[in-house]
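1. Provided below are the primary sequence and the corresponding predicted coordinates.
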Amino acid sequence: MAGRVFVSACERVFFVPAFSFGHRRSRHFFFVSPVLRRQKDGMASTSTALVPPTPPEAVRNFRARFIAKCMPENVGTTETDGSELYKTINSGKEIDRTQLINYSWQYSIPQNLRLLVWKLLLGILSENLDIREILERDRKLEAETYFDGLRSWRRNEGARLESEATPTTSDISSMILLSQNRLCDDRTRHQSRCMRVEALVAKVETICRDCWYSTFAISKRLVALIESNFPPKMLLFAVQEIGESLNSLNRNKEKADRLPDFTTSTYAADIEMFLLSGGCALLKSDRAAHLLLDKICTGRNVALLIVTFVSDYMALQVKFDVEAEKRRMTEENECKLVRHVIEKVVQTNNGKYRGVRCDSKFTSALP
């Protein structure tokens, strides 16, 4: 059959019928590309446009050493030793943050690299190795400034810090609230806010160990990231949706075993705290919290991931007795639940990490 050969800039060859280009039919095959057609029409005069643009050295190096060797086709929560990730991060080349996000969604980040990867994902450290030391000093100075401010505030209030040398988990939570201009002496009024921030700080602290200023920097960014994904209207809608779904499960139980209405203000405040803590207020296991925070640090699908986890976790507590469920949710079971939630989010997104789309009432309202 008469036709023409179409050559794209990516060196792919397609046999295209002759009439598709609007030319006369011909018995011969010949090469036609968009550039050659523009040359024929007088729109281009050189042949250099046939050569595709060369990607930057950093991107080419990253793709060659990272994607080709590290990332299989299957998407999930695969464990990896992270040797290639370590080489790429410390190679001296600038890191492609998009590919690092994809890696974090595909794998469980190795424990020895988790602190560094979280800082890179949250923007605390630069992808450029040359200026990481400078930024690290700046973050340390910022943390020390807020710690000095907290000590001054406590002295003015007639109270003292638990430790004058290094801040505790409660002190770091107060420093984060101070940075948001939300620190208040009336803890009963802001008890929910203090509890959710402290729950998040406690999980981050297990990664940073003795480096308290890293704990402050990561926790501060995570609190801001989670709150930005749950604006007031969105948060209210999420709390109502979770409460209604839990009530529907509650109605299926025996009347004697039913729990109170989950749409009341007491339960609504608890659900709100669970959401804004990133699920950390529900989890007892540090390992399960780290798996969940690996994905939250990427900044993608944050609202969907947290809402799915909180609703699934609380649904188990409704289906079974709350106290029995607390005994049943061991570290291994919590990790299984987190992995199941991650896989559910990835499958909802058809393996793509850009914007989740599905037909459910809640996720269709996500920003």
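-> Now that the structure is in, tell me what you want to look at.
2. so what's Ser285 scoring on pLDDT?
-> Note on Ser285: pLDDT of 90.
3. out of everything not next to it in sequence, what's closest to it?
-> Glu331 (4.0 Å; Cβ to Cβ, 6 or more residues apart in numbering). Any C-beta I mention is one placed from the backbone N, CA and C, and that applies to glycine too.
4. burial count for Pro167?
-> Other residues near Pro167 number 24, with proximity taken as other Cβ atoms under 10 Å.
5. now Asn156
-> For Asn156, using other Cβ under 10 Å, the count is 8.
6. how close does it get to Lys295?
-> Taking Cβ to Cβ, to the nearest Å as the measure, Asn156 falls 41 Å from Lys295.
7. Next: Ile226.
-> 12 Å.
8. What residue spans form the domains of this structure?
-> The chain breaks down by automatic domain parsing into domains covering 3-50, 62-130, 131-226, 230-367.
9. Which element, helix or strand, includes Val223?
-> helix 212-229 (DSSP states H and E).
10. what does Tyr103 give?
-> Applying DSSP H and E, one finds Tyr103 within helix 97-106.
11. And the helix or strand that that helix is followed by, what does it pack against?
-> Moving toward the C-terminus from helix 97-106, the next helix or strand (DSSP H and E) is strand 107-108. Contacts defined by 3 or more Cβ pairs under 8 Å, 6 or more residues apart in numbering; DSSP states H and E place strand 107-108 against strand 78-79.
12. Tell me the helices and strands packed up against whichever helix or strand comes after the strand it packs on.
-> Per DSSP H and E, strand 78-79 leads on to helix 83-89 as the next helix or strand towards the C-terminus. Helix 83-89 is packed against helix 68-70, helix 114-122, with contacts defined by 3+ Cβ pairs under 8 Å, 6+ apart.
13. Just name the most buried of the ones you listed.
-> helix 114-122 (a mean of 21; mean count of other Cβ atoms under 10 Å).
14. Check the gap between Cys226 and Ser219 for me.
-> Residue 226: Ile, not Cys. 11 Å.
15. higher neighbour count, the two?
-> Ser219 (24 against 21).
16. I figured the more buried one hits Ile176, correct?
-> Yes - taking contacts as Cβ atoms under 8 Å, Ser219 lies within contact range of Ile176: 6.0 Å.
17. Next, show the common contact partners of those two.
-> Residues touching both Ser219 and Ile176 by Cβ atoms under 8 Å, 6 or more residues apart in numbering: Val197, Val201.
18. And the pLDDT for Ala18?
-> Note on Ala18: pLDDT of 43.
19. Please apply the same query to Arg187.
-> Looking at Arg187, the pLDDT reads 53.
20. Equivalent analysis for Thr88, please.
-> pLDDT, Thr88: 75.
21. just Ala303 next, same as before
-> pLDDT, Ala303: 92.
22. Repeat that for Glu136.
-> Reported pLDDT for Glu136: 87.
23. hmm, who's touching the helix holding Val223?
-> 115, 118-119, 122-124, 139-140, 142-144, 146, 166-167, 172-173, 175-176, 179-180, 197, 200-201, 204-205, 207-208, 275-278, 293, 296-297, 299, 302-303, 306, 367.
24. coming back round to it: now the helices and strands packed on helix 83-89 as a markdown table including mean pLDDT and distance to His340?
-> Formatted as a markdown table, the helices and strands packed on helix 83-89 follow (pLDDT from 0 to 100; distance: least, Cβ to Cβ, whole Å):
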| stretch | mean pLDDT | distance to His340 |
| --- | --- | --- |
| helix 68-70 | 42 | 24 |
| helix 114-122 | 91 | 21 |
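25. Could you export the ones you listed as CSV, including distance to Leu246?
-> What follows is the helices and strands packed on helix 83-89, written out as CSV (distance: least, Cβ to Cβ, whole Å):
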stretch, distance to Leu246
helix 68-70, 40
helix 114-122, 31
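26. Of those helices, give the one that comes closest to Glu84.
-> Glu84 lies closest to helix 68-70 among the helices and strands packed on helix 83-89, at 4.7 Å (Cβ to Cβ).
27. Pretty sure Glu331 is one of the things Arg287 touches, is it not?
-> Yes - the pair Arg287 / Glu331 is scored as a contact, 6.2 Å apart, by Cβ under 8 Å.
28. So what's the residue count around Leu283?
-> 27.
29. Roughly how far does it sit from His340?
-> Counting by Cβ to Cβ - Leu283 and His340 are separated by 14 Å.
30. same question, Ala143
-> 36 Å.
31. out of the two, which sits in the busier spot?
-> Using other Cβ under 10 Å as the criterion, Ala143 and His340 rank with Ala143 on top: 22 against 14.
32. follow-up on the earlier one: report the mean confidence score over the helix holding Val223.
-> According to the model, helix 212-229 has a mean pLDDT of 94.
33. Buried residues of the helix or strand just after it, list them for me.
-> Next along the chain after helix 212-229, taking DSSP H and E as the criterion, comes helix 232-251. When neighbours are counted by 16 or more other Cβ atoms under 10 Å, the buried residues of helix 232-251 are found to be 234-235, 237-239, 241-243, 245-247, 249-250.
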